[in-house]
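Enquirer: Build me a model from this:
(one chain, ligands or ions: 1)
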Amino acid sequence: MKYINNEKLDEYLINHSEKEPEILSDLNRETNLKVLQPRMISGAFQGRLLSIISKIINPKKILEIGTFTGYSTLCLAEGLEKNGQIHTVDINEELYDLQRKYFKKSSFNSNITQHLGNALEIIPKLDHDFDLIFLDADKINYPKYLDILIIRLKKGGVLLSDNVLWDGKVLNEISQKDKSTKAIVEYNKMLNNRTDMDSVILPIRDGITISIKK
Ligand SMILES: C[S@@+](CC[C@H](N)C(=O)[O-])C[C@H]1O[C@@H](n2cnc3c(N)ncnc32)[C@H](O)[C@@H]1O
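Expert: Prediction:
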């Protein structure tokens, strides 16, 4: 469900925001043609939001959990400082070649490090702290990600968490079987209760929380 919720408004937002770079519209098209569950891609509007947030921060180091086909990786990379690095993690090896194809085509190839595997195992092994982290992977594990990500976030660093409204399901009574919604509800509470983080939920697309480490 989209919260800013009609096609006409969506079209207006896209037409009056920065234009999606051509390489990203190509990637969006190829993702829709060739990849299962293409709706997971950030897309033009959210992509421009990620890009502008990254440009405002001008990070030296970014961590992304959930590369998918690399669309959001390339959006976030637009804000990197010169020689900055984005580390991006995905567990699905079938996506690796498509990610590589577009990273190579882009002007950010040397700024991107791809990690293949379970992010819960990879993050603790990363030897960096980050200025910006984008969490967009397995919802069921969101609560497990919170501590291990905040430890890696620099003071003043920003954490972006995607899908925090989960199709509006966080507003309703949750069935015991619905583990993803339960996890997201728990994550939203945990994040809001953290005394070391200030957070606000933006009702954009499926909900994005923007948090800053104090
Ligand atoms: C919603 S998609 C990411 C979309 C991408 N950020 C974008 O905006 O285009 C979620 C991705 O998380 C990956 N994923 C799921 N569980 C994971 C895990 N435990 N570790 C790393 N990646 C995982 C999936 O393979 C999938 O590609």
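
Enquirer: contacts, neighbours, all on C-alpha from now
Expert: Will do.

Enquirer: what about the strands in this protein?
Expert: For the chain, the strands defined by DSSP state E cover 61-65, 85-90, 112-116, 130-135, 153-162, 197-202, 208-213.

Enquirer: Quick check: which ranges of the protein have low pLDDT?
Expert: 1-5 (pLDDT under 70).

Enquirer: Next to the ligand, which bits of it? Give me the list.
Expert: Residues of the chain lying close to the ligand (CA under 6 Å from any ligand atom) are 40-42, 66-72, 89-92, 117-119, 136-138.

Enquirer: Return the residues in contact with the residue nearest to E18 when sequence neighbours are not counted.
Expert: The spatially closest residue to E18, leaving aside those adjacent along the chain, is R48, at 6.7 Å (CA to CA, 6 or more residues apart in numbering). Listed by CA atoms under 8 Å, 6 or more residues apart in numbering, the contact partners of R48 are S17, E18, E20, C75.

Enquirer: I201 too?
Expert: Applying CA under 8 Å, 6+ apart, the residues near I201 are V164, G207, I208, T209, I210.

Enquirer: number of nearby residues for Q46?
Expert: Neighbourhood size, Q46 [other CA atoms under 10 Å]: 18.

Enquirer: Make a markdown table out of the contacts of I201 and add neighbour count.
Expert: As requested, the contacts of I201 are arranged in a markdown table below (neighbours: other CA atoms under 10 Å):
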| residue | neighbour count |
| --- | --- |
| V164 | 26 |
| G207 | 20 |
| I208 | 21 |
| T209 | 22 |
| I210 | 18 |
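
Enquirer: Now distance to K105 too, for the strands of the chain, in JSON lines please.
Expert: Output for those, formatted as JSON lines (distance: least, CA to CA, whole Å):
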{"stretch": "strand 61-65", "distance to K105": "20"}
{"stretch": "strand 85-90", "distance to K105": "16"}
{"stretch": "strand 112-116", "distance to K105": "12"}
{"stretch": "strand 130-135", "distance to K105": "22"}
{"stretch": "strand 153-162", "distance to K105": "26"}
{"stretch": "strand 197-202", "distance to K105": "32"}
{"stretch": "strand 208-213", "distance to K105": "28"}
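
Enquirer: Quick one, which of the ones you listed gets closest to V35.
Expert: strand 85-90 (14.5 Å; CA to CA).

Enquirer: Pairing partners for the closest one, with directions?
Expert: strand 61-65 (parallel), strand 112-116 (parallel) (DSSP bridges).

Enquirer: now it: how far from the chain's centre is it?
Expert: In terms of CA atoms, centre = their mean, to the nearest Å, the centre of strand 85-90 is set 11 Å apart from its chain centre.
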